[in-house]
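Visitor: Output the structure for:
(one chain, ligands or ions: 1)
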Amino acid sequence: MVLAQLGGSISRALQQMSNATIIDEKVLNDCLNEITRALLQSDVQFKLVRDMQTNIKKIVNLDDLAAGHNKRKIIQQAIFNELCKILDPGKPSFTLKKGKTSVVMFVGLQGSGKTTTCTKYAYYHQKKGWKPALVCADTFRAGAFDQLKQNATKAKIPFYGSYTESDPVRIAVEGVERFKKENCDLIIVDTSGRHKQEAALFEEMRQVSEATKPDLVIFVMDSSIGQAAFDQAQAFKQSVAVGAVIVTKMDGHAKGGGALSAVAATKSPVVFIGTGEHMDEFEVFDVKPFVSRLLG
Ligand code: GDP
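Guide: You can find the predicted model right below:
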């Protein structure tokens, strides 16, 4: 179920509830079941949905609501709060500091949109007055350096990489050192993906992370991966200290549920979403407006 449909289904369930003359246990249950179904179809992890339903039932105690209370509003608020709670891990992401160099490392599976997102992130910050630089530490995928180079050149962002060096750790360290010397205040390290979550990928990520000591590790996730999102995000989190998530391809067939699940798995906030292939198709992610939009 794509995001717009999810929002539609939730609003419809709420509307049906408010059409009922009396909101009793059955009406509330029907409404919550409808919402549960919509969330599951949007690939939100089953456990999250179940917990949410339990919490709402705890909050909305129909017997305690005096007549005259707007039950629909109270229920709607509880649903809003619960959705926000899933998306808000309770701690803000690392923020860049002026006058200091920050190293941000990107991780994610091949095809997730990592390389594209590195440039979008650099470009976004460049427009805000930062001095970013890009390092291509992906020596696994042929063409990764060319892609980064092309993107970086288009955005006039300095870049570093190699066609011949096969050690990603070495490239990452050299790139970070060079750009520190050049007084860049945001050094972005693009690491290798792989098709699968495999031991070699995680080991490489760990080594690059140990060598470059990033201030922030961003996990990039394709929004269309569905129910696999939770496990994938957790696997990355177990290998490196993921501190933020970027969900790509939220345009088109995006299922929003994967994003909710990834946040829960990494306990890290979504900071941006990718909404297209172009450099500026990139939005800051804020929980409350997102959920508001979802609920219509
Ligand atoms: P990587 O292997 O993870 O580095 O992935 P790439 O950055 O090469 O991206 C894989 C494909 O996804 C490319 O064709 C990108 O143009 C595309 N892509 C990346 N982000 C987005 C997005 O937000 N929306 C859409 N529609 N396509 C995207």
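Visitor: Quick check: nearest residue in space to the residue in the chain that the ligand sits nearest to, chain neighbours excluded?
Guide: Residue nearest to the ligand within the chain (Cβ to the nearest ligand atom): Gly274, separated by 2.6 Å. Every residue, glycine included, has its C-beta placed from N, CA and C. Closest residue in space to Gly274, ignoring its immediate chain neighbours: Thr248 at 3.6 Å, by Cβ to Cβ, 6 or more residues apart in numbering.
Visitor: count of neighbours near Ser192?
Guide: Applying other Cβ atoms under 10 Å, we find 22 residues neighbouring Ser192.
Visitor: cool, Arg50 as well?
Guide: The burial count for Arg50: 12, using other Cβ under 10 Å.
Visitor: any chance you could map the strands in the stretch 151-296 of the chain?
Guide: 159-160, 186-191, 216-222, 242-248, 270-274, 282-284 (DSSP state E, counting those that start in this stretch).
Visitor: Pick the most deeply packed of those strands.
Guide: strand 186-191 (a mean of 29; mean count of other Cβ atoms under 10 Å).
Visitor: so what secondary structure elements neighbour that one?
Guide: strand 102-107, helix 114-127, strand 132-137, helix 168-181, helix 199-212 (3 or more Cβ pairs under 8 Å, 6 or more residues apart in numbering; DSSP states H and E).
Visitor: Can you say which of these is nearest to Gln150?
Guide: Nearest to Gln150 among those is helix 114-127 (9.1 Å), distances taken as Cβ to Cβ.
Visitor: relative orientation of the closest one and strand 216-222 in degrees?
Guide: Helix 114-127 runs at 130 degrees relative to strand 216-222, counting by axes from the mean of the first three to the mean of the last three Cα atoms, to 10 degrees.
Visitor: How far off centre is helix 114-127?
Guide: Here helix 114-127 shows a centroid-to-chain-centroid distance of 15 Å under the convention Cα atoms, centre = their mean, to the nearest Å.
Visitor: what's near enough to touch Asn153?
Guide: Heads up, residue 153 is Thr, not Asn. Contacts of Thr153 were listed using Cβ atoms under 8 Å, 6 or more residues apart in numbering, and they are Phe159.
Visitor: follow-up on the earlier one: surely the residue nearest to Gly274 touches Leu109?
Guide: No: the pair Thr248 / Leu109 is not scored as a contact, 11.0 Å apart, by Cβ atoms under 8 Å.
Visitor: got any residues that touch both of these two?
Guide: Common neighbours of Thr248 and Leu109 (criterion: Cβ under 8 Å, 6+ apart): Asp222.
Visitor: Pretty sure Lys267 sits against Ile86.
Guide: No: counting by Cβ under 8 Å, Lys267 does not reach Ile86; the two are 11.1 Å apart.
Visitor: the more surrounded of the two?
Guide: Ile86 (22 against 14).
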